[in-house]
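>>> Build me a model from this:
(4 chains)
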Protein chains: 2
Amino acid sequence: MKEENKIISLKSVIEDNLPSVSIDLAIFGFHENHLKILLLKNKDKESWTLPGGFIAKDESLEAAANRLLFRRTGLNEIFLQQFYAFGDPERTRINKRAELLEEQLAKDKYAQEFIEWALGRFITIGFYALVEFTKVEPKHDIFTIECQWHDIHNLPLLISDHQSIIETALKTLRQQLNYQPIGLNLLPHEFTMPELQRLYETILGKSLDRRNFQRKMLSYKILERLPTKRKGGAYKAPYLYQFDKESYEEALQSGLKDLW
Amino acid sequence: MKEENKIISLKSVIEDNLPSVSIDLAIFGFHENHLKILLLKNKDKESWTLPGGFIAKDESLEAAANRLLFRRTGLNEIFLQQFYAFGDPERTRINKRAELLEEQLAKDKYAQEFIEWALGRFITIGFYALVEFTKVEPKHDIFTIECQWHDIHNLPLLISDHQSIIETALKTLRQQLNYQPIGLNLLPHEFTMPELQRLYETILGKSLDRRNFQRKMLSYKILERLPTKRKGGAYKAPYLYQFDKESYEEALQSGLKDLW
DNA sequence: CCAAAAGTGTTAAGTGTACACCCATGC
DNA sequence: GCATGGGTGTACACTTAACACTTTTGG
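Take a look at the predicted model:
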């Protein structure tokens, strides 16, 4: 939750990055049966923003997205998927209320130039990531005052088109659920079948039949049942599972279902 | 097949469009049981390019894609779908062999500036379109010498990453086939069930069972059987069908299959 | 021993696949 | 009448959905 200690030169932001294009991240986490998304609080103390940033002139989109994800979460090698490019002429990368930035950046002699650059039109490429909630240490940046998880069903005021970016991300995630395995980076290493089911139910926003869910999941052959059970809880102890890394990766490539 | 008669000022290309971002179009057509794609021949008389272009500063991505599609095909209000953003640092919008352009643009005093602009790094957003082959009048532009259909299984030499853009477009198209209706802009207004099947087989690259295909298609409830049959052909005359515009549009929205 | 959660089983309905059969048309 | 393409029907396998039953555990 502390400021980045690297000093950012506004001049180099303009010089080193591609103009007109940015990346925005929908970082999903799962905690206490709620689907959460990571948001940054703006300096106006009212509105929130999706984590994101710019693409260095010699950097691929994927590399940029991974770098930006790492900056906000400290996590690396995470499932990260490009899902849509948003290009409404009215959309902006940052809050249009530039005075908030001016105040903050007054000391930098490139502030004015930077503000003009950053307040211009940006086309943003959306990526979504699925991360393990407990492993994330949210970090905000110099343009924001806080980085926090928000329940997907209880979002605060968002700038620009970020609300609609989140909606598209969620819609894509729900679609992917049908033919791609999900959970590897969203759940702890070991988990129970009911926990996996809660995840699915949360993403889909509806309840599923316990028995059919179990059978379906097992039929995908990406789960490995461990000899131990979850202790401590009340009632019957559930088995623990983990994903079989190899078959999981293969299922990511070739899909869970046969299509046509 | 004739040159565009509007004079393009190179200065205005730079001034009116967003830098760093472009659009490329994979325009698919279906003719004589072959899936075709529209390509432009470069002035080197060797390599080919996907149709594409830039995004005006006040234009949405969709509007730009539609405008560019219209320029090459003369068609409007066509199914046009964004499918991926390509951002390899090495990719370029046009052929790196700038001398070919220099020669051509020698008369324009902004040529040098334009070449520098256009040869820089571009992130391109891929759209694919499905069009009715016979309705298209391919038109090339001032940077190319020809606009022609090419069989998807017999592609010529393509510049930059255009080969891989086509492959991704085709892969996406095959995926979409599973939960979206396809054919409205790819087939003539009236068509037979076997013709529709050929289209599916061509896109998928494999043969399907005639009888099961028919049942499946009819179960989607997007087809309307016409009272007339296709005359003239040998053997038994097949029924003619057309898409029911309303249910087709609805299926585009909500998908053909129930997922989860 | 009862309530609640988890594991296993059963069955009916729906969907997909592979075929057999019939009809229309041109030679 | 026969080869060929097109339309319809059916049997079977497999998947999905709905629900019953058993097991474990804390109180």
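>>> If we ignore the residues flanking it in sequence, what's nearest residue A:178?
Distance criterion CB to CB, 6 or more residues apart in numbering or on different chains; nearest residue to residue A:178, sequence neighbours excluded, is residue B:259 at 4.5 Å. (Each C-beta comes from the backbone N, C-alpha and C, glycine too.)
>>> what's around the nearest residue to residue A:135 once chain neighbours are set aside, how many residues?
The spatial neighbour of residue A:135 that comes closest, neighbours along the chain excluded (CB to CB, 6+ apart), is residue A:75 at 6.3 Å. For residue A:75, the number of neighbouring residues by other CB atoms under 10 Å in any protein chain shown comes to 18.
>>> Repeat that for residue A:194.
Applying the criterion other CB under 10 Å, we find 14 residues in the vicinity of residue A:194.
>>> Which residues of chain A lie near DNA strand D?
If contact is defined as CB under 7 Å from any atom of the strand, the residues of chain A in contact with DNA strand D are A:209, A:211, A:212, A:215, A:216, A:219, A:229, A:234, A:235, A:236, A:237, A:257.
>>> Quick check: the two most widely separated of the residues you listed?
For these, the maximum inter-member distance is 36.4 Å, found between A:234 and A:257 (CB to CB).
>>> For the two, work out which one has more neighbours and name it.
residue A:257 (11 against 5).
>>> excluding its backbone neighbours, what's nearest the more buried one?
Spatial nearest neighbour of residue A:257, chain neighbours left out: residue A:179 (5.2 Å); criterion: CB to CB, 6+ apart.
>>> Go ahead and measure how far stretch A:26-41 is from the middle of the chain.
Stretch A:26-41 sits 8 Å away from the centroid of its parent chain (CA atoms, centre = their mean, to the nearest Å).
>>> Please report how far the closest residue to residue A:194 other than its chain neighbours lies from residue A:224.
Of all residues beyond its chain neighbours, the one nearest residue A:194 is residue A:238 (6.0 Å), with distances taken as CB to CB, 6+ apart. When CB to CB, to the nearest Å is applied, the distance between residue A:238 and residue A:224 equals 15 Å.
>>> okay, which residue is most central for chain A?
The central residue of chain A, meaning the one whose C-alpha is nearest the mean C-alpha position (CA atoms, centre = their mean), is residue A:27 at 1.1 Å.
>>> just to revisit the earlier point, Three-state assignment for the residue nearest to residue A:178, please.
Using DSSP: H, G, I helix; E, B strand; the rest coil, the structure places residue B:259 in coil.
>>> With just CA atoms, put the longest helix along chain A into PDB.
Across chain A, the longest stretch assigned as helix under DSSP state H is helix A:162-176. Once side chains and other backbone atoms are set aside, the C-alpha atoms of helix A:162-176 remain, and they are given as PDB (Å, rounded to 0.1, in the frame of the first residue of the first chain):
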ATOM      1  CA  HIS A 162     -14.100   1.600 -17.000                       C
ATOM      2  CA  GLN A 163     -17.500   0.400 -15.800                       C
ATOM      3  CA  SER A 164     -18.200  -1.000 -19.300                       C
ATOM      4  CA  ILE A 165     -14.700  -2.400 -19.600                       C
ATOM      5  CA  ILE A 166     -15.400  -4.400 -16.400                       C
ATOM      6  CA  GLU A 167     -18.700  -5.600 -17.700                       C
ATOM      7  CA  THR A 168     -17.100  -6.800 -21.000                       C
ATOM      8  CA  ALA A 169     -14.300  -8.500 -19.000                       C
ATOM      9  CA  LEU A 170     -16.900 -10.300 -16.900                       C
ATOM     10  CA  LYS A 171     -18.900 -11.300 -19.900                       C
ATOM     11  CA  THR A 172     -15.800 -12.700 -21.600                       C
ATOM     12  CA  LEU A 173     -14.800 -14.600 -18.400                       C
ATOM     13  CA  ARG A 174     -18.300 -16.200 -18.200                       C
ATOM     14  CA  GLN A 175     -18.000 -17.300 -21.800                       C
ATOM     15  CA  GLN A 176     -14.500 -18.700 -21.300                       C
END
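>>> ok, back up a step: now go through the residues of chain A next to DNA strand D and say which are in strands.
With strands defined by DSSP state E, the entries of the residues of chain A next to DNA strand D inside them are residue A:229.
>>> Report the lowest-confidence entry in the residues of chain A next to DNA strand D.
Sorting the residues of chain A next to DNA strand D by pLDDT puts residue A:234 at the bottom of the list (73).
>>> What segments of chain A are strands?
Counting by DSSP E, one finds strands in chain A at the ranges A:17-31, A:34-42, A:48-49, A:52-56, A:80-86, A:123-130, A:144-151, A:191-192, A:223-229, A:239-243.
>>> quick one, which of the ones you listed is packed in tightest?
The highest mean neighbour count among the strands of chain A, using mean count of other CB atoms under 10 Å in any protein chain shown, belongs to strand A:123-130: a mean of 25.
>>> ok and that one relative to strand A:80-86, angle-wise?
In terms of direction (axes from the mean of the first three to the mean of the last three CA atoms, to 10 degrees), strand A:123-130 departs from strand A:80-86 by 150 degrees.
>>> low-scoring stretches of the stretch 1-150 of chain A, by residue?
Counting by pLDDT under 70, the stretch 1-150 of chain A shows low-confidence ranges at A:1-8, A:96-104.
>>> switch the cut-off to 80
Scanning the stretch 1-150 of chain A with the threshold set as pLDDT under 80 gives A:1-8, A:94-108.
>>> quick one on the thing from earlier: who's in contact with the spatially closest residue to the residue nearest to the centre of chain A that is not a sequence neighbour?
Here the nearest residue to residue A:27 in space, its sequence neighbours aside, is residue A:38; by CB to CB, 6+ apart that works out to 4.1 Å. Residue A:38 makes contact with A:25, A:27, A:29, A:51, A:72, A:73, A:136, A:138, A:147, A:148, A:149, A:150 under the criterion CB atoms under 8 Å, 6 or more residues apart in numbering or on different chains.
>>> isn't residue A:26 right next to residue A:50, touching?
Yes - at 6.5 Å, residue A:26 counts as touching residue A:50 under the criterion of CB atoms under 8 Å.
>>> Mutual contacts of these two, please.
In contact with both residue A:26 and residue A:50: A:165, A:166, using CB under 8 Å, 6+ apart.
>>> which ones are touching residue A:18?
A:54, A:55, A:56, A:57, B:19, B:20, B:121, B:123.
>>> Output those residues as TSV; include the columns distance to residue A:33.
Converted to TSV, those look like this (distance: CB to CB, whole Å):
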residue	distance to residue A:33
A:54	36
A:55	36
A:56	39
A:57	43
B:19	46
B:20	42
B:121	44
B:123	38
